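1. just to be clear, the model below is a prediction. Sequence and coordinates:
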Amino acid sequence: MTERPYSARVDILPAQRRALILERLRIQNAASIQDLAAALGASPSTVRRDLDYLTERGYIERTHGGALIQSAPMTRFEPEASIAAETARAQKSAIAQIAAQRLSRGQSVLFDASSTVREAARVICALNLSLTAVTNDIACALLLSNTASIHTIVTGGAIRPGSTTLLGSPGQDFLGGIHVDVAFIGVHTVSGGIFTETSLEVAAMKKRMIGAARKAIVLADSRKFGGQSFCEICAAGDVAEIITDDELPESVRREYDAMGITLTIAATSEESPV
């Protein structure tokens with residue numbers, strides 16, 4: 001991240017700032033308040049408040065004059081939706097561009113509740129394809145519904161607290177009775193050829209979506225690889241393709257190639273902000 005004086009900074013949303021802090025800590029493991037302030041172009045007091053916020057929610061651990069990333073994340077831990085949406089933006093954009101290429105006019109498509117899948121929906125809207133879209137994400141549905149050529153269906157269900165995700169009945173039952181051409185699925189982690197999630201209810205919806213699709217495609221940036229969450233969704237071999245980004249280590253690419261899993265690497269066109 002290029003350091004810049006406070007007077008030269010461009011104002012960013014708190015969620016963006018906190019996502020950038022988490023990304024810098026992920027790369028460096030630890031950082032001081034002064035280092036983060038210089039990198040973000042924010043005042044030390046602003047960074048200090050952000051660190052307090054992230055510490056209270058279990059993202060990081062405070063140190064004298066700075067912070068460090070949690071060394072052992074909990075299996076049910078996940079970032080809040082606003083921060084997740086601002087994380088790895090360049091990688092998600094690159095993945096979305098390739099995902100959009102997988103569609104053709106007249107298809108029916110499932111859009112899972114995921115920040116990466118939502119970015120794919122944004123790219124797909126610009127293509128003006130005639131599609132039938134089904135989603136359990138209210139934010140994604142609003143995005144898709146603004147495109148006249150896309151007929152948007154919302155699954156229904158209960159809203160997951162702190163998100164725009166719909167879970168449970170009647171949406172889960174609805175998914176059991178439809179058949180679509182393509183499903184774009186987001187996951188919390190990918191490890192050892194297994195997709196995992198933090199919640200049984202979320203995993204159950206994703207399983208139904210995968211089962212309803214002729215072709216299921218997982219959209220997962222490279223940060224999702226490694227570690228395991230609370231419950232399994234399915235094996236990587238149960239989907240047609242995984243689209244990820246070029247920060248995925250070569251050793252992991254070879255591991256998935258050896259398992260016979262179709263892994264597509266999206267080239268990140270812009271430099272990461274941290």
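-> Ah, there it is.

2. flag every buried residue along stretch 245-260.
-> Neighbour-count burial for stretch 245-260, counted by 16 or more other Cβ atoms under 10 Å, picks out 245, 247-248, 252-253, 256. In this view, the C-beta of every residue, glycine as well, is placed from N, C-alpha and C.

3. the helices in the chain, which residues?
-> In the chain, the helices defined using DSSP state H lie at 14-28, 33-40, 44-56, 81-84, 89-100, 115-127, 138-145, 171-175, 200-212, 250-258.

4. and the third one, average pLDDT?
-> The one in question is helix 44-56. Averaged over helix 44-56, pLDDT sits at 88.

5. output it in PDB with nothing but the alpha carbons.
-> Taking C-alpha atoms only, helix 44-56 is exported to PDB below (Å, rounded to 0.1, in the frame of the first residue of the first chain):
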ATOM      1  CA  PRO A  44      -3.800   7.700  14.400                       C
ATOM      2  CA  SER A  45      -6.900   8.300  16.400                       C
ATOM      3  CA  THR A  46      -9.100   7.000  13.500                       C
ATOM      4  CA  VAL A  47      -6.900   3.900  13.200                       C
ATOM      5  CA  ARG A  48      -7.100   3.400  17.000                       C
ATOM      6  CA  ARG A  49     -10.900   3.400  16.900                       C
ATOM      7  CA  ASP A  50     -10.800   0.900  14.000                       C
ATOM      8  CA  LEU A  51      -8.500  -1.400  15.900                       C
ATOM      9  CA  ASP A  52     -10.800  -1.200  18.900                       C
ATOM     10  CA  TYR A  53     -13.800  -2.100  16.700                       C
ATOM     11  CA  LEU A  54     -12.000  -5.100  15.100                       C
ATOM     12  CA  THR A  55     -10.700  -6.300  18.500                       C
ATOM     13  CA  GLU A  56     -14.200  -6.200  20.100                       C
END
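
6. point out the other helices and strands that that helix packs with.
-> Contact partners of helix 44-56 among helices and strands, from 3 or more Cβ pairs under 8 Å, 6 or more residues apart in numbering; DSSP states H and E: helix 14-28, helix 33-40, strand 60-63, strand 66-69.

7. how far off centre is it?
-> Relative to the chain's own centre, helix 44-56 is displaced by 23 Å; criterion: Cα atoms, centre = their mean, to the nearest Å.

8. now it and helix 33-40, what's the angle there?
-> Here helix 44-56 points in a direction 110 degrees away from that of helix 33-40 (axes from the mean of the first three to the mean of the last three Cα atoms, to 10 degrees).

9. same check on the last one?
-> Here helix 250-258 runs at an angle of 70 degrees relative to helix 33-40 (the same axes, to 10 degrees).

10. now swap in the longest one and tell me
-> Using the same axes, to 10 degrees, the interaxial angle of helix 14-28 with respect to helix 33-40 works out to 110 degrees.

11. which strands or helices does helix 14-28 pack on?
-> Applying 3+ Cβ pairs under 8 Å, 6+ apart, one finds that helix 14-28 contacts strand 30-32, helix 33-40, helix 44-56, strand 60-63, strand 66-69, helix 81-84.

12. which residues touch the nearest residue to Ala100 once chain neighbours are set aside?
-> Among residues not flanking Ala100 along the chain, Val123 sits closest, at 4.4 Å (Cβ to Cβ, 6 or more residues apart in numbering). Applying Cβ atoms under 8 Å, 6 or more residues apart in numbering to Val123 gives the contacts 93, 96-97, 99-100.

13. in the chain, which helix or strand is least confident?
-> helix 81-84 (a mean of 64; mean pLDDT, DSSP states H and E).

14. can you pick out the most distant pair from the buried residues of stretch 245-260?
-> Among these, the pair separated by the greatest distance (Cβ to Cβ) is Glu247 and Tyr256, at 14.7 Å.
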